[in-house]
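structure for this input, please:
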Amino acid sequence: MTITHLLEGKGKFEIQAYARPKNMDRDTHIPFSGAPRKHPLEKNKIILIVDPFTTNTFYYEFNIEDIGFAEELANLTNIDGDAIPMARIWVKKQSVGVRCTPFIVDTIVPRRN
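The predicted model follows:
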C-alpha cells in the first residue's frame, strides 16, 4: 500500500461531543471504568470488569440504583480483533460496592535459574 493511497480522502468521521451530565457532581459521585456485564444472579446489580483482556483482572459489583450516570467509552480490541464495549459509570458516594479479584488456587513453585 502506497502513502498516496493512505492520504486519499476516506470520508467523514463523526465525532460525538462530550456532553457533561446534568446534575452530576464529583462531590456526590465517583467514576469507575470497565466492561459492563449483567450480574449472573441478581437483576438489580451490575458487574464492571476493569481490564477484560488481561489474565490478572478484577471486577466491581454495584447496585444499579446507585448509578447516577453512565457514558460509553471507546471499545477495547485485542490482537485477534475481538472488541469489548467499555463504559464509565458514576456511582453515588457512600454506596456499597464489591471489588473482587478472582484467582486460581495452586501451589507456587519457585523458579530455578
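
buried residues in stretch 77-89?
Across stretch 77-89, burial judged by 16 or more other CB atoms under 10 Å covers 84, 86, 89. Any C-beta I mention is one placed from the backbone N, CA and C, and that applies to glycine too.

give the other helices and strands that whichever strand or helix holds residue 68 contacts.
Element membership for residue 68 (DSSP states H and E) is strand 67-77. If contacts are counted by 3 or more CB pairs under 8 Å, 6 or more residues apart in numbering; DSSP states H and E, strand 67-77 sits against strand 29-38, strand 83-92.

let's see 7 Å
strand 83-92 (3 or more CB pairs under 7 Å, 6 or more residues apart in numbering; DSSP states H and E).

ok, the next helix or strand after the strand it packs on: who's next to it in the sheet?
Next along the chain after strand 83-92, taking DSSP H and E as the criterion, comes strand 98-100. Sheet pairing of strand 98-100 (DSSP bridges) gives strand 59-63 (antiparallel).
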